[in-house]
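Visitor: Sequence and computational prediction follow.
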Amino acid sequence: MNNQGNSRRGTFGDTVSVDLASGRAVDLAELYALDAVTDAERSAIDQYISSAPDAERATFHERVRQARETLAVTFTAEEEPPSDLFARIVAQLPAQGSGSAHAPGAAPAAPLHQPAPGAGGDELAAARQRREDRRRPGGARRWLAGVAAAAVIALGGVGVGAYVADQNDPLNQVIRAGDVREASVPVSAGGTATVLISSSRDAVVVKMNGVPAPPAGKVYQMWLIPKDGSAPVSQGLMDEAALSKPAVVKGIASAAALGITVEPVGGSASPTFPTVAAAPLST
């Protein structure tokens, strides 16, 4: 019988079957996501989760998703993770007791008691070794799961998704690009339009500074003006609320300039000239 989603805390059992029977399916999620289980163990987990209560099944799948997002950082983050990330992960690992596995590369702790010499010493040592061997799989699973779970929360406590989103946000990618260059142009109604241009990102960030709201019934509309002289291409509208937020315009490689016009609410299919601002994009 499946236990509810808030499974008991404690050390893992000797086998996945024991963990499932004791209600620790959710705590196996990180190992499942990291493919740190055998085919037979994965099958047992799948079978258990398929018939688990909705809350427990949802929690398991959410933790699997978060752990996989953690792995995705390696492949999708454009910048190196914070320098103190590893220390933050280690700080959140579960405490390793006498029966827990050690981190890779760490020297095992010396035993607290050595068997007394003489008859029976070998048997006692062998018994202790068997006990440690029985504990080791569960302890190792607990440590590995701790690594994955801590990595998921180390980047802000809400999962690594926030970190991935930050690194892959188009605005941040342009602002942090190595080739970003900045220019400001006047807006005829007042204020300026600042552009942050990155050829490597093929994008420009547009910030309006001190620009008044468009007239009643009007909006500002952005356009990319192609180098080949073809028709300008609309890149979105800016009403009064949008003026305070930076906008990202992509696909600038073939554009000579970014133009801004005043158009009726809803925008226009082609710009109404003259432009109220125009920023060259080519170097």
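Guide: In hand now; what should we look at?

Visitor: Now for the chain, the helix or strand with the poorest mean pLDDT.
Guide: helix 161-168 (a mean of 50; mean pLDDT, DSSP states H and E).

Visitor: Helix or strand next in line after that one, which one?
Guide: Later in the chain than helix 161-168, the nearest helix or strand by DSSP states H and E is helix 170-175.

Visitor: Counting by contacts, list what that next one packs against.
Guide: Packing partners of helix 170-175 (3 or more Cβ pairs under 8 Å, 6 or more residues apart in numbering; DSSP states H and E): strand 192-198, strand 203-209, strand 247-250. For the C-beta atoms, the positions are set from N, CA and C on the backbone; glycine is no exception.

Visitor: any chance of those in JSON lines, plus distance to residue 50, mean neighbour count and mean pLDDT?
Guide: Shown next, in JSON lines, are the helices and strands packed on helix 170-175 (distance: least, Cβ to Cβ, whole Å; neighbours: other Cβ atoms under 10 Å; pLDDT from 0 to 100):
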{"stretch": "strand 192-198", "distance to residue 50": "47", "mean neighbour count": "20", "mean pLDDT": "95"}
{"stretch": "strand 203-209", "distance to residue 50": "44", "mean neighbour count": "20", "mean pLDDT": "94"}
{"stretch": "strand 247-250", "distance to residue 50": "42", "mean neighbour count": "18", "mean pLDDT": "93"}
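
Visitor: Quick one: closest of these to residue 39.
Guide: strand 247-250 (43.4 Å; Cβ to Cβ).

Visitor: What strands line up against that closest one, and which way round?
Guide: strand 203-209 (antiparallel) (DSSP bridges).

Visitor: partners of the next helix or strand after the strand it pairs with, with directions?
Guide: Moving toward the C-terminus from strand 203-209, the next helix or strand (DSSP H and E) is strand 218-226. Partners of strand 218-226 in the sheet, by DSSP bridges, are strand 233-238 (antiparallel), strand 255-264 (antiparallel).
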